[in-house]
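K.L.:
Okay, here's the prediction I keep looking at, along with the sequence it came from:
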Amino acid sequence: MQGLHLTADLHGCKCADAAFLSADTLSRLCRDAVSEAGLQRVDERFYTFPDYLGQPGGVTGAVLLAESHLAVHTWPERRGVTLDVYVCNFSTDNSSKAEHLMDALIAAFDPDESHVNRLLRGSTEPETGAEELLIEWLNADSAFGYKASRRIEALRTEYQTLEVFETPQFGKLFRLDGLYMTSEKDEFFYHEAIVHPGALTHPAPRTGLVIGGGDGGSSEELLKHPTMSRVVMAELDPEVVRIARKYLHRVHRGVFDDPRLEVRIGDGWEFVATTTERFDLVILDLTDPDTPAHRLYTREFFELLRTVLQPGGVVSLHIGSPVFKPERVARLVADLRSVFAVVRPLGLYIPLYGTYWGLACASDSLDPLALSASDAARRLAERNIADLRYYNGDVHPALFALPNYFRDLIA
């Protein structure tokens, strides 16, 4: 029962007319595509409809597969085709064969436009969402996803929807409002890049503020610096912290039990506006700007952050994908530059986010580019920071070596 179901709507097909009008032609086309995909044909039935009001009728057909079925309908007056491919995965995973079959059929019909939908059906554990395909949209035109083995927990809080999944690719994976936040196996890409370039640039950071970051990953990275005596985490939603403590130990590594960390539940803006403390490092570890955190991505909030920075302090934040959200990235960098004297964008590919991702360090005086690869390696050694999986001395300047399209975007 469990399997992959694909549907496609094709428009403006440029194939020969016979593929629309002839049951025999369409049958041969489908048989060939089934064979090429490695699926087993059991039987078939194709039927050509009679002409109607002077217009030729289309063809409808179905190929029975040992794995399930292929169905096809042609609309010659529209140069359109609808396709339906379903394969079960009873004894082996036939998903790639289904994708191959669909790709071959789309290529044969040669449409100007195609709209494909994918549905994982017949979970063996429907109550846990086993074999669910988790899709995230990068923008209105682009999406990507990962398969979940099971849904561990899901709840709606006062602020957002929280979900934890077990996944084959990344282990435990955490989502907020349908957006990937972190995972056990790839969290180091994001957390090391958002923390260490700024923290290592500072000669001796002692205090840190993490706004958001309820999974604990950024706080854990900050506290690897031996001079750090205090980190405050200002997290809006207490359920994020609970979820992290319960399921995401491989992300936070017990940081919630570190006496140097203080968790303050509440609004990040309110904390910054009312605190009398000053911090060497501020990490904005937030959800994306088009979420309830949008106020914290504004020039007004950046100006407020300056008031809680110690002289020589550094703010680090993520600014999104310059590939899929270029306008947003350009605006955020411009707003940062209107507030801080030194703004250094950086970038890296983050697997969980499915794209090259932008971050930035901002300060009134410290410049991460002034730290050479050898200086960064020396400081890491002096601070005895060795348990890193992405960041090192050579990576430090490389993170700030931006490709030309990114440079042009923020020029």
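P.N.:
Done, it's in. As the structure is a prediction and not an experimental result, all values here were calculated from the model. Numbering: from 1, shown residues only.

K.L.:
Tell me which residues of stretch 155-175 come out buried.
P.N.:
With burial defined by 16 or more other Cβ atoms under 10 Å, the residues of stretch 155-175 counted as buried are 159-160, 162-167, 170-175. C-beta coordinates here come from the backbone N, C-alpha and C atoms, glycine included.

K.L.:
From these, which land in strands?
P.N.:
L162, E163, V164, F165, E166, T167, G171, K172, L173, F174, R175 (DSSP state E).

K.L.:
would you turn those into JSON lines with distance to M181 and pLDDT?
P.N.:
As requested, those are exported to JSON lines (distance: Cβ to Cβ, whole Å; pLDDT from 0 to 100):
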{"residue": "L162", "distance to M181": "9", "pLDDT": "93"}
{"residue": "E163", "distance to M181": "10", "pLDDT": "93"}
{"residue": "V164", "distance to M181": "10", "pLDDT": "96"}
{"residue": "F165", "distance to M181": "11", "pLDDT": "94"}
{"residue": "E166", "distance to M181": "15", "pLDDT": "96"}
{"residue": "T167", "distance to M181": "13", "pLDDT": "95"}
{"residue": "G171", "distance to M181": "14", "pLDDT": "97"}
{"residue": "K172", "distance to M181": "11", "pLDDT": "98"}
{"residue": "L173", "distance to M181": "8", "pLDDT": "97"}
{"residue": "F174", "distance to M181": "5", "pLDDT": "97"}
{"residue": "R175", "distance to M181": "6", "pLDDT": "94"}
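
K.L.:
circling back to that earlier point, ok, so of the buried residues of stretch 155-175, who is nearest A373?
P.N.:
Set against A373, the nearest of the buried residues of stretch 155-175 by Cβ to Cβ is F170 (29.7 Å).

K.L.:
Was I right to think the closest one contacts S183?
P.N.:
Yes: counting by Cβ atoms under 8 Å, F170 touches S183, with 3.6 Å between them.

K.L.:
Show me the common contact partners of those two, please.
P.N.:
When Cβ atoms under 8 Å, 6 or more residues apart in numbering defines a contact, the residues bordering F170 and S183 alike are L352.

K.L.:
For L352, give me its contacts.
P.N.:
Contacts of L352 by Cβ under 8 Å, 6+ apart are F170, L173, Y180, T182, S183, D186, E187, F189, Y190.

K.L.:
what do you get if the cut-off is 10 Å, keeping everything else the same?
P.N.:
Going by Cβ atoms under 10 Å, 6 or more residues apart in numbering, L352 touches 136, 146, 167, 169-170, 173-174, 180-183, 185-187, 189-190.

K.L.:
What segments of the stretch 251-400 of the chain are helices?
P.N.:
Counting by DSSP state H, counting those that start in this stretch, the stretch 251-400 of the chain has helices at residues 268-274, 299-306, 326-337, 373-382, 395-399.

K.L.:
Show me where the stretch 301-411 of the chain has its strands.
P.N.:
Ranges of strands within the stretch 301-411 of the chain are 309-320, 342-350, 355-363, based on DSSP state E, counting those that start in this stretch.

K.L.:
rewinding a little: would you turn the buried residues of stretch 155-175 into JSON lines with distance to V241?
P.N.:
Shown next, in JSON lines, are the buried residues of stretch 155-175 (distance: Cβ to Cβ, whole Å):
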{"residue": "Y159", "distance to V241": "13"}
{"residue": "Q160", "distance to V241": "13"}
{"residue": "L162", "distance to V241": "11"}
{"residue": "E163", "distance to V241": "16"}
{"residue": "V164", "distance to V241": "13"}
{"residue": "F165", "distance to V241": "19"}
{"residue": "E166", "distance to V241": "20"}
{"residue": "T167", "distance to V241": "22"}
{"residue": "F170", "distance to V241": "21"}
{"residue": "G171", "distance to V241": "20"}
{"residue": "K172", "distance to V241": "16"}
{"residue": "L173", "distance to V241": "18"}
{"residue": "F174", "distance to V241": "12"}
{"residue": "R175", "distance to V241": "16"}
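
K.L.:
I am finished for the moment; much appreciated.
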